[in-house]
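> Fold the following and give me the result.
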Amino acid sequence: MEMIQSFSVDHTRIVPGIFTSRVDDVGGNPVTTYDIRLKRPNREPVIDVGAMHSLEHIIATFLRNDPDWKDDVIYWGPMGCLTGFYLILKGNRSPRELHGILLRAFRFVGEAKEVPGATAVNCGHYLMHNLGMAKWYAGEFADYLEANAENDAIFEYPGTERPQTGDGQHFYDS
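Numbers count the residues shown, from 1 in each chain. Prediction:
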C-alpha cells in the first residue's frame, strides 16, 4: 500500500503551527485539510485526552457559528497522536489566512464557562472532558500564534516542497 500524505511529513521537524496537509478535488471544487499542530511530535507531551475532547467540542462549535467561516467548515477533530487537530475546509486558503480565525477560536476557549454538547444525549463520552486543561492548552497555543505571527516556520511544513503531479495531486518531499 502507498504511504498516505500525512505520514510522509517528517514529524521530527514539525513545530506547532498551521499547515496545509492536503488539497483534494471534490466534484471540481477544492477541499483542503489543515494540520493545526499544538505540540511538537515525539518531543513534547501530548495533549490530555479530556482536554483534547473539550477543545474539539468548543472549537468546533466556535468555527461552525462564525458568520464568515461556518459555511466552509467541513470538519474539526483531533489527531490520533493527540498533538493537534485536523481542520477541513471548502476552498484552498493559505495557512496564514487561517491565523486570525484560529487565534480567535483558541482565545474563545479561554472564555468558555462550559463545554457545549457535554451531555449523555449529545456526546459519546460526555464524562471525558477537562475544561480547565483545555483552557490552559488553548491559552498556550494562542500565545504562541500571537508571538509567531510573522514566523514562516509556523505556516510551512519544515523542509518540504509542494510539487504537484501531472494530474494536480500534491505530494510532500520530506
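> give me every residue that touches the closest residue to residue 78 other than its chain neighbours.
Of all residues not flanking residue 78 in the chain, residue 52 sits nearest, at 5.0 Å (Cβ to Cβ, 6 or more residues apart in numbering). Yep, even glycine has a C-beta here, placed from its N, CA and C like the rest. Residue 52 sits next to 78, 82, 134 when contact means Cβ atoms under 8 Å, 6 or more residues apart in numbering.
> Tell me how far residue 52 lies from residue 110.
Distance of residue 52 to residue 110, computed by Cβ to Cβ, to the nearest Å: 16 Å.
> and if you look at residue 145?
Per Cβ to Cβ, residue 145 is found 13 Å from residue 110.
> May I ask which helix or strand of this structure has the lowest mean pLDDT?
Scoring the helices and strands of the chain by mean pLDDT, DSSP states H and E places strand 17-26 at the bottom, with a mean of 95.
> which residues touch that one?
Contacts of strand 17-26 with the rest of the structure, by Cβ under 8 Å, 6+ apart, involve 5-6, 9, 30-37, 86, 92, 94-96, 98-99, 102, 145, 148, 153-157, 162, 168, 170.
> in the protein, which spans are helices?
Secondary structure of the chain (DSSP state H): helices at 49-63, 95-111, 131-147.
> ok so, going back, who's more crowded, residue 145 and residue 110?
residue 145 (23 against 13; other Cβ atoms under 10 Å).
> per-residue pLDDT, that one?
Per-residue confidence (pLDDT) for residue 145: 98.
> was I right about it contacting residue 101?
No. Counting by Cβ atoms under 8 Å, residue 145 sits too far from residue 101 to count as a contact (10.8 Å).
> Work out which residue lies at the spatial centre of the protein.
The centre of the chain sits closest to residue 36, judged by Cα atoms, centre = their mean, with a distance of 2.7 Å.
> partner residues bridging the closest residue to that residue other than its chain neighbours?
In space, and not counting its chain neighbours, residue 36 is closest to residue 85: 4.5 Å by Cβ to Cβ, 6+ apart. According to DSSP bridges, the residues that bridge with residue 85 are residue 36, residue 78.
> any idea how far residue 85 is from residue 157?
Between residue 85 and residue 157 the distance is 16 Å, computed by Cβ to Cβ.
> Same drill for those two, tell me which one is more crowded.
residue 157 (25 against 22).
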